[in-house]
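what would the 3D arrangement of this be:
(one chain, ligands or ions: 1)
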Amino acid sequence: MKSSKILKKRVLFLAYDQGLEHGPTDFNDKNVDPNYVLNIADKGNYSGVIFQKGIAEKYYNKKKNKTPLIIKLNGKTNLIKGDPISPQLCTVKEAISLGAKAVGYTIYPGSIHEAKMFKEFEKIEREAHENNLPVIAWMYPRGSSIKNELDKDILAYSARIGLELGADIIKIKYNNNPKDLKWIIKCAGKTKVVISGGTKTNPELLLQQTKDIMNSGAIGLAIGRNVWQYKEPLKITKALKSIIFKNKSVNEALKYLK
Ligand code: FBP
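Numbers count the residues shown, from 1 in each chain. Now for the predicted structure:
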């Protein structure tokens, strides 16, 4: 991979694919509008903003918007239960024409449909790499055979799968244990690791978790609800950035929330 706007030493990505994954229950009057989130991404100087192709087509302007675009190539709703499968909904070519600087794909290790997702992922990855685009794999172990998605060994296995499959970055969940995360990141080898945000939590806890995550060796976060559901998204952005990019303490970061 030659120079990439996405593969930096430290990153903060803004995720906004929840409209498909969870539905509008995540939204309020403001953040239901993709422009509201794009504005946060641009003003907050995010390392990337993550959209499905529909939002990108209608809202992202590659000349006007300065935040690098990351297109999520597959997706699914939470309306269907059982072992998950997330089919490809957008091609690498389409993503490039929308201005994408990286592409993303969710794999559910442990699902009975795992093999299909592996196969789809490897095709996407080959095409993306031919076009010098980094590939971010959401590694979310899930399905009837997965008893605990946040189990250390299950997360470590998922991280390792990301390395074995050739992902440039993997996005995983945090089980709130920095020691586990250190091992999980070690298992990911040269594949970089970002952590997802999860449901909205209190800002102090979020900042403490971010500090622990960075100290464990992750390169940053790919976070959604904890930013665009926060009353002042640019304040929480500054606080997160101070920890991720400037190694500030939680107490120093908290000052940005005043
Ligand atoms: P959040 O920070 O809002 O949790 O977003 C991270 C993310 O990975 C999104 O990209 C995705 O929509 C969502 O979480 C999927 O999470 P889950 O499958 O656990 O509902």
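
show me what from the stretch 151-258 of the chain comes close to the ligand.
Of all the residues in the stretch 151-258 of the chain, those in contact range of the ligand (C-beta under 6 Å from any ligand atom) are S196, G197, G198, I223, G224, R225, N226. To be clear about C-beta, it is placed using only N, CA and C from the backbone, and glycine gets the same treatment.

just the ones of these in helices?
Using DSSP state H, R225, N226 are the members of these that sit in helices.

could you export the residues of the stretch 151-258 of the chain next to the ligand as a markdown table, including distance to K76 and neighbour count?
Supplementary listing: those in a markdown table, determined by distance: C-beta to C-beta, whole Å; neighbours: other C-beta atoms under 10 Å:
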| residue | distance to K76 | neighbour count |
| --- | --- | --- |
| S196 | 16 | 18 |
| G197 | 19 | 24 |
| G198 | 18 | 14 |
| I223 | 20 | 24 |
| G224 | 16 | 25 |
| R225 | 18 | 20 |
| N226 | 22 | 24 |
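
point out where the protein drops to low pLDDT.
Segments of the chain classed as low confidence (criterion: pLDDT under 70) are 1-3.

and the biggest helix by length in it, what does it pack onto?
Longest helix of the chain, by residue count under DSSP H: helix 114-130. Applying 3 or more C-beta pairs under 8 Å, 6 or more residues apart in numbering; DSSP states H and E, one finds that helix 114-130 contacts helix 92-98, strand 100-107, strand 135-139, helix 152-165.

what's the shortest one packed up against?
Based on contacts counted as 3+ C-beta pairs under 8 Å, 6+ apart, the elements that strand 135-139 packs against are strand 100-107, helix 114-130, helix 152-165, strand 169-172.

how about stretch 121-128: buried residues?
Neighbour counts using 16 or more other C-beta atoms under 10 Å place F121, I124, E125, E127, A128 of stretch 121-128 among the buried residues.

so who does the second one touch?
Going back to what we said before, that points to I124. For I124, the residues meeting the contact criterion (C-beta atoms under 8 Å, 6 or more residues apart in numbering) are L73, Q88, V92, V103, Y105, V135.

nearest to the ligand among those?
Using C-beta to the nearest ligand atom, Y105 comes nearest to the ligand of the contacts of I124, at 11.4 Å.

who's in contact with that closest one?
Contact partners of Y105, counting by C-beta under 8 Å, 6+ apart, are 72-74, 86, 88, 117, 120-121, 124, 135-138.
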